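Trainee: need coordinates for the below:
(chains A and B)
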Amino acid sequence: MLLAEITDTGLAAICYGLGAIGPGIGIGYLVGQSVQAMARQPEAAGMVRTTMFLGIAFVEALALIGFVVFFLGQG
Amino acid sequence: MLALHFPPLGHIVDWPGFAGTEGAWYEVNKVVLVYFFAVVLTGLIFVLGNKKQLIPTGAQNLAEISVEFVEQQLIEPTIGHNERKWLPPFMLSLFFYIFFTNIFEIIPVIQMPANARIALPMFLALLCYVIYHGAGFKEHGPIGYLKHALIPPGVPVAMLPLVMVIELVSKFLVQPFSHTVRLFANLLAGHILLVTFAVLSAGLWTAKWYAVFLPLPAFAVIFFTAFELMVSFLQAYVFTLLFGVYFGSAVSHEH
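Mentor: Model (predicted):
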């Protein structure tokens, strides 16, 4: 049986993969909108960039917590 | 088949103490060495950048650029007008200390980011935690700061108990945790990524005909080394920027 062979490591890897979907969409949307904002208002690029990195840092935290839980889940 | 022996996680972040210090309370290993190097390098920026020539040269140039960077990119957008004399040098040294501890990730021979062990990010995050909450208490007074931190403006009274619990958990518990994990996990992930491709390259080197695939992981090592250079800078920037944001929201007056 294939299902019986799923180990903790495999399960942790699958869960991390699922956990990375949300932040992936989030960062993609965030950076895309920031690029659009910078293209429309080049003079506001500095401010947008700072806010963008800040937003990335907050969104990315979710993926990184998933990454840490991945190692904890491996047991 | 290709035999790959990926070392267990403990082997790539745990380092034995150097001769003569094993087991002692002052045990010096590679990570501790990186702490010292980073302190010395950060100190050098302050010492060498202290010249005051009209036409800057060498280290003075770097120091002036970085002071300007901290004031315009880190303090201006987060805290706004700043009258605290200690804040720019503190954020400058925070930025450079994290940057130097990160950058040892890609410096040959050492190749170990000190922030891939959670001790240093946790210490730095707790130091920031004490500083920004301390500054908030000093600015608003004990009761006033709790009010400022827990009650966002414009919340209906009926929602207040719920909002206060959420704010309490997020500002006093989750904030330092995510501040720590962001730096730690980024550097650990980068380190594991480099080890993975290096192990793969080494495994392909001795493999039979699979060796034709060697250029792929070898190129990936080079690419990710450049990528980690960017990550070290970006994480130092983000850590300091977030300190600025937390500090700014702790001492701000507008409601």
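
Trainee: and whatever residue of chain A ends up closest to chain B, how far from B:E68?
Mentor: Closest approach of chain A to chain B (CB to the nearest CB) occurs at A:L64, with a separation of 3.7 Å. Glycine gets a C-beta too; all of them are placed from N, C-alpha and C. Distance, A:L64 to B:E68, by CB to CB, to the nearest Å: 30 Å.

Trainee: out of the two, which sits in the more crowded spot?
Mentor: A:L64 (22 against 10; other CB atoms under 10 Å in any protein chain shown).

Trainee: give the contact list for the more buried one.
Mentor: By CB atoms under 8 Å, 6 or more residues apart in numbering or on different chains, the contact set of A:L64 is B:V181, B:R182, B:A185, B:N186, B:A189.

Trainee: buried only: go through the residues you listed for me.
Mentor: Buried members of these, counted by 16 or more other CB atoms under 10 Å in any protein chain shown: B:V181, B:R182, B:A185, B:N186, B:A189.

Trainee: the stretch 51-200 of chain B: helices as residue ranges?
Mentor: For the stretch 51-200 of chain B, applying DSSP state H, counting those that start in this stretch gives helices covering B:59-69, B:87-103, B:119-140, B:142-150, B:160-169, B:175-206.

Trainee: could you check how far B:V212 is from B:L204?
Mentor: With CB to CB as the criterion, B:V212 and B:L204 are 9 Å apart.

Trainee: looking at these two, which one has more neighbours?
Mentor: Between B:V212 and B:L204, counting by other CB under 10 Å, B:L204 is the more crowded of the two (19 against 10).

Trainee: grab the nearest non-local neighbour of the more buried one.
Mentor: B:L214 (4.4 Å; CB to CB, 6 or more residues apart in numbering or on different chains).

Trainee: quick one: buried residues of stretch B:243-251?
Mentor: B:F243, B:G244, B:V245, B:Y246, B:F247, B:G248, B:A250, B:V251.

Trainee: distance-wise, check B:G136 relative to B:P77.
Mentor: Taking CB to CB as the measure, B:G136 falls 19 Å from B:P77.

Trainee: so between these two, which is more surrounded?
Mentor: B:G136 (23 against 18).

Trainee: so who does the nearest residue to the more buried one once chain neighbours are set aside touch?
Mentor: Distances taken as CB to CB, 6+ apart put B:A250 closest to B:G136, at 3.3 Å, once the chain neighbours are dropped. Going by CB under 8 Å, 6+ apart, B:A250 touches B:Y132, B:H133, B:A135, B:G136, B:E139, B:Y145, B:H148, B:A149.

Trainee: hmm, the residue nearest to B:L204 is touching B:W205, no?
Mentor: Yes - judged on CB atoms under 8 Å, B:L214 makes contact with B:W205 at a distance of 6.4 Å.

Trainee: more neighbours, the two?
Mentor: Neighbours per residue, other CB under 10 Å: of B:L214 and B:W205, the larger number sits with B:L214, 16 against 12.

Trainee: per-residue confidence at A:L3?
Mentor: pLDDT recorded at A:L3 is 57.

Trainee: dump the helices of the stretch 51-200 of chain B into TSV; add mean pLDDT and distance to B:V39 as well.
Mentor: What follows is those, written out as TSV (pLDDT from 0 to 100; distance: least, CB to CB, whole Å):
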stretch	mean pLDDT	distance to B:V39
helix B:59-69	87	17
helix B:87-103	94	7
helix B:119-140	95	12
helix B:142-150	91	32
helix B:160-169	91	35
helix B:175-206	90	17
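
Trainee: let me know which of these is tucked in deepest.
Mentor: Each of the helices of the stretch 51-200 of chain B was scored by mean neighbour count; the highest is helix B:87-103, a mean of 21, by mean count of other CB atoms under 10 Å in any protein chain shown.

Trainee: right, is it up against chain A?
Mentor: No - using CB under 8 Å from any CB of the partner chain, helix B:87-103 stays clear of chain A, with a minimum separation of 13.5 Å.

Trainee: how about residues contacting that helix?
Mentor: Helix B:87-103 is contacted by residues B:34-35, B:37-39, B:41-42, B:45-46, B:66-67, B:70-71, B:74-75, B:79, B:82, B:113-115, B:120, B:124, B:128, B:131, B:183, B:187, B:229, B:231-233, B:235-237, B:239-240, B:243-244, B:247 when judged by CB under 8 Å, 6+ apart.

Trainee: give the contact list for residue 50.
Mentor: Here I'm looking at chain A. Per CB under 8 Å, 6+ apart, neighbours of A:T50: B:Q73, B:P77, B:L241.

Trainee: not quite, I wanted chain B
Mentor: Contacts of B:N50 by CB under 8 Å, 6+ apart are B:A63.

Trainee: so the residue nearest in space to the middle of chain A: helix, strand or coil?
Mentor: The centre of chain A sits closest to A:P23, judged by CA atoms, centre = their mean, with a distance of 3.0 Å. Secondary structure of A:P23, reduced to three states by DSSP: H, G, I helix; E, B strand; the rest coil: helix.
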